[in-house]
Structure formats: structure tokens, C-alpha cells
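In: Need a 3D model of the following:
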Amino acid sequence: MNSRNGISKQFRFHIIDNNNVETVLEFSFKHRSLRYFMDEKYCSAQLVDGSIKQKFLYAHHYFEIDWAELITGEDADKLASVINAERLGYRLLLEPHTDVPSLRYEVVQLKDDDGLTEKMEFSQIINHRNSAGNKGVVRNYRTKHPHYGWEIVDPSLQQGVSTIGMEEFS
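Out: Numbers count the residues shown, from 1 in each chain. Predicted structure coming up:
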């Protein structure tokens, strides 16, 4: 497999409560993809001779989960569990791709310096009992702890991971 760090659209949250009991919630995520990116922090200085010296300090990973088009009822119920777990002070670990279970990040919802989060919309797609679900939900998370390396994982080398069902990417 040529892709690194996973190709599955499904992702998992691992919730660890104050008694170290772990609950795993797998999200279907059939529409848009979870996006993630990294923000690096360096210390740099310009020397007298005009050259620049810099030292890498740390990086944080950021994750955007975009249900703006559709979040199904089952995924909305699971999201409520994740939101309530964070409000209770439980640990959240995000596994961005289920085909690479070794990549897990302890995350918190992204907040500004005042502790405020982005406004979250939760609207019905159509005002009907048989609506396909809700729309407008976008959640942003960041790693709780800094990272000092860049993890690259070949999903085909993961134990217990099958490449069956990946034909659509061939």
C-alpha cells in the first residue's frame, strides 16, 4: 500500500473516564473526510552576520471533523457522548483512521484564549420525522500534549489490519 497514515474514512474516539474505564466509539463518517494538519513551533533568532538560527520546539496536531452536510442519528448520539465526556473531564483519544489503530492522539476541543469554542450548528436537513439526519456540525480538536516527532505509519504493516475491501482505491 502506497498511502501512509491510513485511508479509511471511519475514525474512533476512545473515552477514558476517571476510573480508567475505556469506551470506544466508532464513527461511520460516510461523507466528508476528517482532515488533520500540524502546527510547528520553532524558536528562531537572526544572528549579527544576518544568518538565522532556529530550533524546533514542538508540534501540535489539529483535526477537523466536518459533518456540515450530514451527521446521521447514530453518529450524533456518539458525538453527544464525546462532548459530554470532555465536559466531565474524561480523556479523549482520537484514532483518525481505523485502518491504523496504532495512531492515537489525546485531544481536546479547540478553544480560543478565552476558553470559547466555535459556535456549533445542529439543524435538521428537512423538517420531517424521516429526515436523513442533521447538518451543520463541525468539530475541531487539537492534541493535548506536544509532539516532538512526525509519525508515519504504513497501514499494510499493521498487525490485524486487512487490506480486503480496499479495491476501490486500486
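
In: OK, contacts around Trp67?
Out: By CB atoms under 8 Å, 6 or more residues apart in numbering, Trp67 lies in contact with His31, Arg32, Asp75, Leu79, Asn134, Lys135, Gly136, Val137, Val138, Arg139. For glycine as for every other residue, the C-beta is placed from the backbone atoms N, C-alpha and C.

In: If we use 10 Å, what do you get?
Out: 27, 29, 31-32, 75-76, 79, 120-122, 133-139 (CB atoms under 10 Å, 6 or more residues apart in numbering).

In: Next, it: phi, psi?
Out: phi -110, psi 30 (degrees, to the nearest 10).

In: ok, what's across the strand from it?
Out: Val137 (DSSP bridges).

In: Just the pLDDT for it.
Out: With respect to pLDDT, Trp67 scores 86.

In: Neighbouring strands of the lowest-mean-pLDDT helix or strand in the chain in the sheet, and parallel or not?
Out: In the chain, the helix or strand scored least confidently by mean pLDDT, DSSP states H and E is strand 123-124, which has a mean of 72. Using DSSP bridges, strand 123-124 pairs in its sheet with strand 134-135 (antiparallel).
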